[in-house]
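> Provide a 3D model corresponding to the input given below.
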Amino acid sequence: MISHVQALVLALSFGLMSVLLISQILSVHAVQSTSALVPTTGNGEVDWSAIRFSTIKYPPNSPLAEEFNGKSETVRFTMQGDEDGMPQLIQAFNDAMASQKSSPVRITNASLTYTGQLRGTEDELTLSYNVQLKPSFISNITLSSKNQTADVVDLDWRSINVAEPITLSTPYGDIDVNHPIGLLQANHSSVAEQLMNSEAAPIMSDQLFNFEDIGRPMDTWHFLFDPTGSQAGAASAGLEELGGARVVSIYSLGESSFREGTFQETEKQASATVDGTPITVETTTPPPSAQMTIAGFSKIQKSGDTEFAVVTQQAPAGTTTATGGFPIQVLLVLGGMMGAVAVFVLIKTRK
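Below is the predicted model of the structure:
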């Protein structure tokens with residue numbers, strides 16, 4: 001028989017392996033925001049993912065059925081920060097952080113990977129979107145230092161909503177990567193134009209880069225303080241490269257509970273007429289999921305509607321996690337949360 005200590009070590013190892021494995025699976029499919037912040041340098045990295053699923057239902061033998069029945073198309077491309085259209089995209093994010101959050105944080109460089117899939121049957125067209133902005137290098141996260149013993153870190157930038165069209169010159173032509181209509185603009189421009197002139201226009205132009213749900217109060221996020229840095233690699237692959245910190249604070253958002261509230265997918269529906277054909281358009285956005293790693297021990301504070309973190313290199317004596325108990329509880333929560341989102345995405349992609 002194994003001892004309690006051995007059991008704890010095995011459980012911790014399983015939790016770490018689960019988080020690492022699931023984070024690799026979800027790095028492409030589910031996490032909407034993952035960030036690593038180093039207050040001593042004022043810099044960090046943020047990965048944003050915009051994910052959505054759309055369904056257009058139409059009558060069999062209609063013009064839309066003739067165009068899409070049996071079609072299976074994928075639009076995928078990656079663009080770097082200096083390529084055509086990318087500076088405008090980065091500027092749009094920076095403008096949103098400045099105007100919506102009065103935040104000094106700025107993206108200094110990023111790459112974008114766009115993946116859109118289209119599948120048609122005799123009565124239904126399914127569209128899926130996964131737009132990743134990563135890695136996004138950011139600066140000016142540190143607002144001030146208090147007697148060189150603590151850093152004040154801005155957190156409000158995380159929940160921006162970029163509304164305007166962002167058109168990039170891609171191998172498939174000019175595509176608006178911030179709105180669902182962009183996928184149809186690539187190979188079905190006539191249908192895209194008709195949809196934008198119909199009652200379905202609000203749904204097809206509903207921005208993908210909307211991260212407002214990640215702005216939920218930080219005291220509803222799970223908190224894990226790791227005084228040894230043993231979870232740093234699992235929490236953020238870029239943390240060591242960013243600052244070499246071994247003491248980290250880890251926040252996670254996405255698990256539904258009495259304290260955190262309920263996280264559900266967002267669904268929208270509209271009826272329209274395209275080319276004389278009645279259609280129904282439905283969209284689904286997965287529930288929010290986010291993780292933030294801060295180098296050092298952080299404590300959340302508020303000033304009105306503004307949230308910030310006061311970060312020190314050492315934790316006060318007796319510090320515990322927000323949910324209490326041994327940190328493995330938080331690791332298992334992370335594994336369960338991400339696993340649930342993975343199942344959600346898998347079901348949607350297979351429909």
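> and the helices in this protein?
4-29, 63-68, 86-101, 181-187, 189-196, 201-204, 232-235, 239-243, 328-350 (DSSP state H).
> buried residues, stretch 211-223. List them.
211, 213-216, 218, 221-223 (16 or more other C-beta atoms under 10 Å). No exception for glycine: its C-beta is placed from N, CA and C like everyone else's.
> go on, stretch 204-213?
For stretch 204-213, by 16+ other C-beta under 10 Å, it's 204-211, 213.
> next: stretch 295-308.
Buried, per 16+ other C-beta under 10 Å, within stretch 295-308: 295-300, 307-308.
> span of that stretch from start to end?
End-to-end distance of stretch 295-308 (C-alpha to C-alpha, to the nearest Å): 14 Å.
> neighbours around E265, how many?
14 (other C-beta atoms under 10 Å).
> can I assume it is in contact with S289?
No. Checked against C-beta atoms under 8 Å, the pair E265 and S289 is beyond contact range at 11.3 Å.
> count the residues that sit near S189.
The number of residues near S189, taken as other C-beta under 10 Å, comes to 12.
> now it: how far from D174?
S189 is 10 Å from D174, where distance means C-beta to C-beta, to the nearest Å.
> for I300, list the residues it contacts.
Applying C-beta atoms under 8 Å, 6 or more residues apart in numbering to I300 gives the contacts 155, 218-219, 307-309.
> so for stretch 71-79, what gets flagged as buried?
For stretch 71-79, by 16+ other C-beta under 10 Å, it's 73, 75, 77, 79.
> kindly export it (C-alpha atoms) in PDB.
Provided in PDB are the C-alpha atoms of stretch 71-79 (Å, rounded to 0.1, in the frame of the first residue of the first chain):
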ATOM      1  CA  LYS A  71     -18.900  21.500 -50.200                       C
ATOM      2  CA  SER A  72     -16.100  21.100 -47.700                       C
ATOM      3  CA  GLU A  73     -13.600  24.000 -47.600                       C
ATOM      4  CA  THR A  74     -10.900  25.200 -45.300                       C
ATOM      5  CA  VAL A  75      -9.400  28.700 -45.200                       C
ATOM      6  CA  ARG A  76      -6.200  28.800 -43.200                       C
ATOM      7  CA  PHE A  77      -3.400  31.300 -43.200                       C
ATOM      8  CA  THR A  78      -0.800  32.900 -40.800                       C
ATOM      9  CA  MET A  79       0.300  36.500 -41.000                       C
END
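> give me the contacts around that stretch.
By C-beta under 8 Å, 6+ apart, stretch 71-79 touches 85-86, 111-120, 168, 170-172, 175, 183, 186-187.
> can you do 6 Å?
86, 112-120, 168, 170-172, 186 (C-beta atoms under 6 Å, 6 or more residues apart in numbering).
> distance from that stretch to the middle of the chain?
Relative to its parent chain, stretch 71-79 has a centroid offset of 20 Å by C-alpha atoms, centre = their mean, to the nearest Å.
> and if you look at stretch 142-162?
20 Å.
> circling back to that earlier point, tell me which entries of the buried residues of stretch 211-223 lie within strands.
222-223 (DSSP state E).
> just put the buried residues of stretch 211-223 in a markdown table and tack on pLDDT and distance to E164.
As requested, the buried residues of stretch 211-223 are exported to a markdown table (pLDDT from 0 to 100; distance: C-beta to C-beta, whole Å):
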| residue | pLDDT | distance to E164 |
| --- | --- | --- |
| F211 | 94 | 15 |
| D213 | 90 | 20 |
| I214 | 92 | 20 |
| G215 | 92 | 19 |
| R216 | 90 | 24 |
| M218 | 93 | 28 |
| W221 | 91 | 29 |
| H222 | 89 | 33 |
| F223 | 89 | 35 |
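> burial count for Q88?
Residues near Q88, counting by other C-beta under 10 Å, number 12.
> who's in contact with T126?
55, 119.
> who does it bridge with?
T55, R119 (DSSP bridges).
> likewise T283?
Note on T283: beta-bridge partners by DSSP bridges are S54, K268.
> quick one: low-confidence ranges for the stretch 1-150 of the chain?
1-31, 146-148 (pLDDT under 70).
> about what we covered before: from the buried residues of stretch 295-308, which is closest to R106?
Distance to R106, by C-beta to C-beta, is smallest for F308 among the buried residues of stretch 295-308, at 16.8 Å.
> below-threshold pLDDT in the stretch 251-351 of the chain: ranges please.
Applying pLDDT under 70 to the stretch 251-351 of the chain flags residues 256-262, 316-351.
> let's see that with 80 instead.
Scanning the stretch 251-351 of the chain for pLDDT under 80 picks out 255-264, 314-351.
> what's the spacing between L208 and E164?
Distance, L208 to E164, by C-beta to C-beta: 12 Å.
> cool, and Q269?
For Q269, the distance to E164 - C-beta to C-beta - is 24 Å.
> list the contacts of stretch 154-169.
79, 84-85, 89, 92-93, 96-97, 100-101, 103, 105, 141, 143, 174, 176-178, 207, 209-212, 214-215, 306-309.
> shouldn't E122 be in contact with P59?
No. Applying C-beta atoms under 6 Å, one finds E122 not in contact with P59, separated by 9.3 Å.
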